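Undergrad: quick one: sequence plus predicted model below, questions after.
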Amino acid sequence: MQKTDYPLWARDTIRYGDTDRQGHVNNAVFSTFLETGRVQFLMNSGRPIRAPGTNFVIARLVLDFKAEMLWPGEADIGSRVKSVGKSSFTLEQIIMQGDTVTAVAETVMVMVDEKTRKSHPLPEAALAALRELQGPA
């Protein structure tokens, strides 16, 4: 795992309130950092991923903790596409504090129609954008 393996990066501030009794960042906050990266990926990547009238939902999230995070500091969140399906894709993310990998995650995102709440096929523009953001095989 190298920073260059992830084409899109986001940053979040570690807040004092993010810590637990042991003085490290609470495990639930790691999911918040992943969300920061997902939002950057879906909304601000400069690529047309979301089609009009659709949204994305999380179907699966696997989060592996690798090292503790401490306050004060910042969390850097890297994102890349692992695989692309018909109406979903798998997003791989890494959370780092400085040069330390603190967590890795895989999230399956499904495009859904906002009215029917059912899965919706990814349009060609989204497929092209997702393939462009794929990491190394």
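TA: Looks like it arrived, so ask away.
Undergrad: hmm, what's the outermost residue in this structure?
TA: Using CA atoms, centre = their mean, the residue of the chain lying farthest from its centre is Arg21. It sits 27.0 Å away.
Undergrad: how close does that one sit to Phe65?
TA: To Phe65, Arg21 is 17 Å away according to CB to CB, to the nearest Å. Quick note: C-beta positions are derived from backbone N, CA and C, even for glycine.
Undergrad: same question for Gln93.
TA: Distance from Gln93 to Phe65, by CB to CB: 13 Å.
Undergrad: compare these two (neighbour count), which wins?
TA: Applying other CB atoms under 10 Å to Gln93 and Phe65 shows that Gln93 carries more neighbours, namely 26 against 13.
Undergrad: run through the bridge partners of the more buried one.
TA: Ser79, Ala105 (DSSP bridges).
Undergrad: these two touch, right, it and Met109?
TA: No - using CB atoms under 8 Å as the test, Gln93 is too far from Met109 to be in contact (11.3 Å).
Undergrad: that concludes my questions; thank you for your assistance.
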